[in-house]
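S.K.: give me a model of this one.
(chains A, B, C and D)
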Protein chains: 2
Amino acid sequence: MKIIVTAEARLPKNYALVRDMVHEHGTGRHLTAADVHSFAKQRQPRIGYSTVYRALNRLARLGLVSEVLVPGADVTYYESVAGPHAHFRCAACGRIDDLDYRLPKAAVARIAREHGFEIGDVLVNFTGRCASCREPAGG
Amino acid sequence: MKIIVTAEARLPKNYALVRDMVHEHGTGRHLTAADVHSFAKQRQPRIGYSTVYRALNRLARLGLVSEVLVPGADVTYYESVAGPHAHFRCAACGRIDDLDYRLPKAAVARIAREHGFEIGDVLVNFTGRCASCREPAGG
DNA sequence: GGTGAATCTGAAAACTACTATCACTTTCGA
DNA sequence: TCGAAAGTGATAGTAGTTTTCAGATTCACC
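M.R.: Coordinates of the predicted model:
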């Protein structure tokens, strides 16, 4: 039985390019697959959508980029890997912000124990209106 | 200026039917629009998808049913309105469970204050494997 | 009741994000 | 160098949801 030590070792050139695009543009920002594709095209004009999607899927599976699944937004966003955090989505302008918040470990452990779950991911999402969108209309 | 007091007052017949279907079948369960449609058809065989979708959208906007937006599941679920709670989605079998958990109010208030957000919804989602799906494969 | 405007309706087409297919090319290990 | 395995881009396909459209229904007002 072989153990793959570095997932990077066998990463195809285009996949590495995609990873770089996410790391360069996606720190604190949230890129759609289309965004990533258009960034990637600046360096590799012939790269296709399919390759970008395939790359993002694999990179996410390998833990080299983070998928950001935002309920209510009907696209998947990508960002560089970071510690666990929450997301805020402004219902008015659609922008998504990172928040430095995570659920208390004890709470997660309790839920897992009580229900017999094995909990992998914990997603915390806030929806509302961001500071800029609140101003004009008042409350 | 007129103020609409009861949102129910002007609810079209089919929309009320859809609401009833969700309330009858969707307490503690999670119905897709297709589920709702097929339940509704048992009472109103000529009702179409469009009407069900339109009804669900409006009912959700009016707060008469709850949309369950589960990241990773690519459908929207609906359930009757209930107090705030979290959802667990089993990545293996796809089932979705209600959990009696909500974020500490103080935490939400702090985030809103710090960022200037007006926070409406708070969504907490756990993903992992449910008790039944853990058994066969072990860990 | 009667009337006209606004709303609702269902079938079907359109939309959108994403995935699968296909034939071709590239990569990699031996 | 060779052959198998993996990657590639164009294109077609998929699925959930939304839009369109012409006809039916409802409602406020008389």
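
S.K.: per-domain residue ranges of chain A.
M.R.: In terms of domains, chain A is parsed into A:10-81, A:83-139 (source: automatic domain parsing).

S.K.: gap between the last one and the chain center?
M.R.: Right, the one you point to is domain A:83-139. Relative to the chain's own centre, domain A:83-139 is displaced by 13 Å; criterion: Cα atoms, centre = their mean, to the nearest Å.

S.K.: that domain near DNA strand C anywhere?
M.R.: No - shown here: domain A:83-139 not in contact with DNA strand C (Cβ under 7 Å from any atom of the strand), separated by at least 11.0 Å. C-beta coordinates here come from the backbone N, C-alpha and C atoms, glycine included.

S.K.: near chain B at all, that domain?
M.R.: Yes - when contact is scored as Cβ under 8 Å from any Cβ of the partner chain, part of domain A:83-139 falls within range of chain B: A:86, A:88, A:91, A:97, A:99, A:101, A:103, A:107-108, A:111-112, A:115-131, A:134, A:139.

S.K.: so who does the closest residue to DNA strand C within chain A touch?
M.R.: Proximity to DNA strand C, evaluated over chain A using Cβ to the nearest atom of the strand, is greatest for A:T76 at 3.2 Å. Remark: with contacts taken as Cβ atoms under 8 Å, 6 or more residues apart in numbering or on different chains, A:T76 is in contact with A:T32, A:A33, A:E67, A:V68, A:L69.

S.K.: looking at those residues, which are in strands?
M.R.: The subset of the contacts of A:T76 located in strands under the criterion DSSP state E comprises A:T32, A:E67, A:V68, A:L69.

S.K.: distance to chain B added to these, as a markdown table?
M.R.: Listed next are the ones in strands among the contacts of A:T76 as a markdown table, based on distance: Cβ to the nearest Cβ, whole Å:
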| residue | distance to chain B |
| --- | --- |
| A:T32 | 15 |
| A:E67 | 9 |
| A:V68 | 9 |
| A:L69 | 3 |
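
S.K.: most neighbours among the residues you listed, which one?
M.R.: Highest neighbour count within the ones in strands among the contacts of A:T76, by other Cβ atoms under 10 Å in any protein chain shown: A:V68, with 22 neighbours.

S.K.: which ones are touching the closest residue to that one other than its chain neighbours?
M.R.: The spatial neighbour of A:V68 that comes closest, neighbours along the chain excluded (Cβ to Cβ, 6 or more residues apart in numbering or on different chains), is A:Y77 at 3.9 Å. For A:Y77, the contact set (Cβ under 8 Å, 6+ apart) comprises A:H30, A:L31, A:T32, A:E67, A:V68, A:V70, A:I96.

S.K.: change it to 7 Å
M.R.: Neighbouring residues of A:Y77 by Cβ atoms under 7 Å, 6 or more residues apart in numbering or on different chains: A:H30, A:L31, A:T32, A:V68, A:V70, A:I96.

S.K.: which strand residues bridge the closest residue to the fifth one other than its chain neighbours?
M.R.: Going back to what we said before, that points to A:V70. Distance criterion Cβ to Cβ, 6+ apart; nearest residue to A:V70, sequence neighbours excluded, is A:R89 at 5.4 Å. Legend: beta-bridge partners of A:R89 under DSSP bridges are A:I96, A:T127.

S.K.: okay, now A:R89: neighbour count?
M.R.: 24.

S.K.: still on that earlier bit, so the residue of chain A closest to DNA strand C bridges to which residues?
M.R.: Here A:T76 sits in beta bridges with A:L69, as judged by DSSP bridges.

S.K.: please flag which of the residues of domain A:83-139 next to chain B sit within strands.
M.R.: Short answer: the residues of domain A:83-139 next to chain B in strands (DSSP E) are A:86, A:88, A:97, A:99, A:118-129.

S.K.: list the buried ones in the lowest-mean-pLDDT helix or strand in chain A?
M.R.: Comparing every helix and strand of chain A by mean pLDDT, DSSP states H and E singles out helix A:131-137 as the least confident one, with a mean of 80. Judged by neighbour count using 16 or more other Cβ atoms under 10 Å in any protein chain shown, the buried positions of helix A:131-137 are A:C133, A:R134.

S.K.: got it, and stretch A:45-55?
M.R.: Residues of stretch A:45-55 classed as buried: A:I47, A:T51, A:V52, A:A55 (neighbour count, 16+ other Cβ under 10 Å).
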